[in-house]
Every structure is written in C-alpha cells, then in structure tokens.
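Participant: for reference, the sequence and a predicted model appear below.
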Amino acid sequence: MRLSIVKLTVIFCLLLFLAAAHERQQHLGIDSTTRMFYDSFRRMLEPAQLQANECQSHIDFPWEKLRSYSASSRRAALDTVVARCRCERVDDKLVLTSSFPAGVDADEQLFSMSIARYRLTNEKGEAVKLKPSVCTTGFGYEPAYPFRGDESGSTDANGASRVTVSASTLLEGTPANVSGALSVSCKLATAFDYVRLTRQHVGKNIRLGSTTLRLLSMDKVSAVVKVVSGRGDFDYLITRSNNLPYRNGITSSIKLAQQDYDYLVSVKDFTLEAFAPYFQKNRERLLRKDSVKELTVIKSEGEIVNLYLYKVSTSIEQVFVLPISA
C-alpha cells in the first residue's frame with residue numbers, strides 16, 4: 001500500500017513538472033516551427049563522430065566523369081533523354097520519367113530535369129495548378145536490353161545497364177483528369193569550376209568561378225565557408241589524404257546567416273527555452289525564403305583532409321513541350 005502511494009506521488013509530481021514545462025514553453029511562444037529550427041541548429045552544434053575507413057567510396061569527381069564523354073556524345077545523350085521523356089499521373093503527382101543511352105553514367109551532379117512552365121486544365125476545363133514545391137531529379141538503373149536466358153535457366157542482361165531519371169511535382173486539389181502541356185527543362189553539365197581546400201587556406205579568400213569565398217575554419221570533422229561576393233550555390237566533396245571522396249550520408253551541411261552562427265557559437269547552454277526568445281526576435285527573417293545565408297557549415301563523420309568546393313560552370317539545355325493527358 002505504501003509503495004503504491006509513493007508511485008502515485010512520483011507520477012503526480014511528474015505530471016506537475018510536465019504541465020509547468022508546457023506552460024513555460026507556451027509563455028515563450030514555443031511552437032513546432034521553433035522546435036524545427038532548434039533541432040536543426042542543435043544538430044549543427046553536436047560534434048561529429050569519426051567513423052572507420054569504410055565510409056569512403058570509389059566515386060569519381062564530377063569534372064573527371066565529364067572527361068569520359070565528348071561534346072558530341074553529351075549532346076546525343078541529352079537528345080535521347082528528351083526523346084524518351086514521358087509523363088504519367090501517380091495519385092496526386094505528375095511524374096516525369098526518361099533514361100540515358102546505355103553506358104552514360106549520369107547523376108545529380110551532372111543532370112537535372114524540371115518543369116519550367118505549364119498549362120493544365122481539369123475535366124471541367126478549369127485551370128489546374130502545381131504546388132510550388134521543389135522538383136527534384138531522382139536516378140536509378142535498368143537493363144539496357146531485354147533479358148535473355150541460358151541453358152541453365154538463369155538470365156542476365158544482354159549489355160550494359162542504363163541510367164533512368166525521374167522528377168515529380170504535386171497537383172493542387174484532386175482533379176479527376178488533367179490535360180494540357182508541360183514545358184520541361186533538361187540540363188546536362190559540360191564543365192565545372194572547382195577548388196581544393198586544406199587547413200592552409202583558413203582565413204584566406206578563394207575564387208570559385210565568379211564567386212569569392214573565405215574558409216573561416218576547418219578541423220578534422222567540420223569546416224565553415226563564407227560567401228564574400230557572388231552566389232553561394234556550390235556543392236562540396238570531402239576526402240582524406242588518399243583523395244577518395246566520402247560516400248553520401250557521411251557528410252552534412254547547413255546554410256546560416258552570419259548573425260545566427262555568431263549567436264550559436266556563443267551560447268554555452270543551448271536549450272529550447274534559451275533559443276526561443278532569439279527565434280521570436282528573428283522569426284520573420286529566418287522564415288523568409290530570400291533571407292541571406294552567407295555561411296555554409298559542413299560536418300563529416302570521416303576525417304577532413306581535403307575539401308573540394310565545386311559548381312557547374314557551363315551546361316547544355318533543352319526545353320521542350322510535353323503533352324499531358326492523365
């Protein structure tokens with residue numbers, strides 16, 4: 001009986017504590033958006049843990065991959081993607097699909113597919129809109145030729161595989177039918193600007209095409225790059241001394257404004273309650289899509305010896321009209 005009273009007392013005290021914490025968070029204006037930003041910033045502050053060497057892979061640098069293809073073969077590859085492009089409706093999405101010629105190893109570093117414009121109507125002739133979401137390009141593989149069997153009954157692909165591409169976008173509402181046309185843009189990189197950075201570059205300005213960057217800091221597991229002038233739309237790869245890039249999932253990055261970074265590194269005890277007043281004061285700026293974020297904070301679970309920054313410098317593009325009836 002006495003034990004039950006103790007348990008009930010503990011539960012009651014816990015409920016009182018949780019209620020008081022909830023009331024305190026409401027008073028501070030803590031909502032789901034506050035928590036989302038807090039979690040994102042908290043992960044940035046958490047030190048990365050170095051993993052074993054198996055986090056490395058034998059992927060090629062994108063500028064090296066380009067050397068495998070002549071200008072004419074790149075143009076022919078883009079022509080093939082355009083000719084094979086199809087669109088189908090999957091639930092509330094319009095999905096674009098196509099594929100490259102066999103033997104062309106394309107990925108998100110080299111190719112992108114997006115909807116530039118559209119004109120769509122429903123079964124009543126009313127205009128249908130697409131949701132303003134990012135139309136990302138996905139990649140896969142399929143046999144380039146039909147499967148064939150051998151005497152043992154097994155099958156294999158008669159030839160090389162080919163890269164498939166897809167991109168999807170959401171429909172607004174739930175129209176029974178959609179018809180009209182999409183103006184689709186397909187881009188294939190033809191050259192890259194890139195630079196290799198080491199700890200010797202800390203504090204120095206670096207040119208990446210028309211953009212000027214500064215490496216603010218770099219240690220074994222993190223680096224901070226600032227955009228001094230120009231556009232900050234660069235990507236990155238990290239290697240150890242053997243110059244093999246780490247595979248996807250080992251590295252991560254976040255873009256921040258200078259004042260947010262200064263605040264985060266100065267806070268000794270970064271709690272949700274401590275962050276809430278700062279977020280409320282800067283909420284409008286943080287939520288603006290066009291807010292300036294001149295810093296890129298990069299973290300890695302593999303040791304950073306070389307940091308490669310790169311971006312597409314030139315590309316070829318085809319924009320074409322794709323009829324829709326879905």
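Facilitator: Perfect, thanks for sending it.
Participant: would you agree S300 is in contact with I250?
Facilitator: Yes - between S300 and I250 there is a contact at 6.3 Å, judged by CB atoms under 8 Å. In this view, the C-beta of every residue, glycine as well, is placed from N, C-alpha and C.
Participant: so between these two, which is more surrounded?
Facilitator: S300 (24 against 18; other CB atoms under 10 Å).
Participant: just list whatever residues bridge to the more buried one.
Facilitator: For S300, the beta-bridge partners are T251 (DSSP bridges).
Participant: residues contacting it?
Facilitator: 48, 221-222, 238, 246, 250-251 (CB atoms under 8 Å, 6 or more residues apart in numbering).
Participant: out of these, who's nearest R196?
Facilitator: I238 (10.8 Å; CB to CB).
Participant: what strand or helix carries that closest one?
Facilitator: strand 235-239 (DSSP states H and E).
Participant: now that strand, how far from the centre of its chain.
Facilitator: 14 Å (CA atoms, centre = their mean, to the nearest Å).
Participant: mean confidence for that strand?
Facilitator: Mean pLDDT, strand 235-239: 91.
Participant: how about stretch 297-311?
Facilitator: 92.
Participant: do the same with stretch 246-266
Facilitator: In the prediction, stretch 246-266 has an average pLDDT of 87.
Participant: in that stretch, what counts as buried?
Facilitator: By 16 or more other CB atoms under 10 Å, the buried positions in stretch 246-266 come out as 246, 250-251, 254, 256-257, 260-261, 263-264.
Participant: thinking again about what came up before, identify the contacts common to S300 and I250.
Facilitator: Contacts common to S300 and I250, judged by CB under 8 Å, 6+ apart, are I238.
Participant: what sits against the spatially most central residue of the chain?
Facilitator: By CA atoms, centre = their mean, the chain has its centre lying nearest to T136, at 8.7 Å. Neighbouring residues of T136 by CB under 8 Å, 6+ apart: A167.
Participant: quick one: the helices in the protein, in order.
Facilitator: With helices called from DSSP state H, the chain shows them at 2-27, 32-45, 62-66, 71-84, 258-266, 272-287.
Participant: kindly report which one of those carries the lowest mean pLDDT.
Facilitator: Minimum mean pLDDT among the helices of the chain: helix 2-27, a mean of 49.
Participant: same for the strand holding I238, what does it pack against?
Facilitator: strand 251-256, strand 295-300, strand 306-325 (3 or more CB pairs under 8 Å, 6 or more residues apart in numbering; DSSP states H and E).
Participant: which residues of the stretch 101-250 of the chain fall in strands?
Facilitator: 111-121, 127-128, 137-143, 147-149, 155-157, 161-170, 179-197, 205-208, 211-218, 222-229, 235-239 (DSSP state E, counting those that start in this stretch).
Participant: L78 is nearest to which of these?
Facilitator: Nearest to L78, of the strands of the stretch 101-250 of the chain and by CB to CB, is strand 179-197 at 4.9 Å.
Participant: show me what that closest one pairs with in its sheet, parallel or antiparallel.
Facilitator: strand 111-121 (antiparallel), strand 306-325 (antiparallel).
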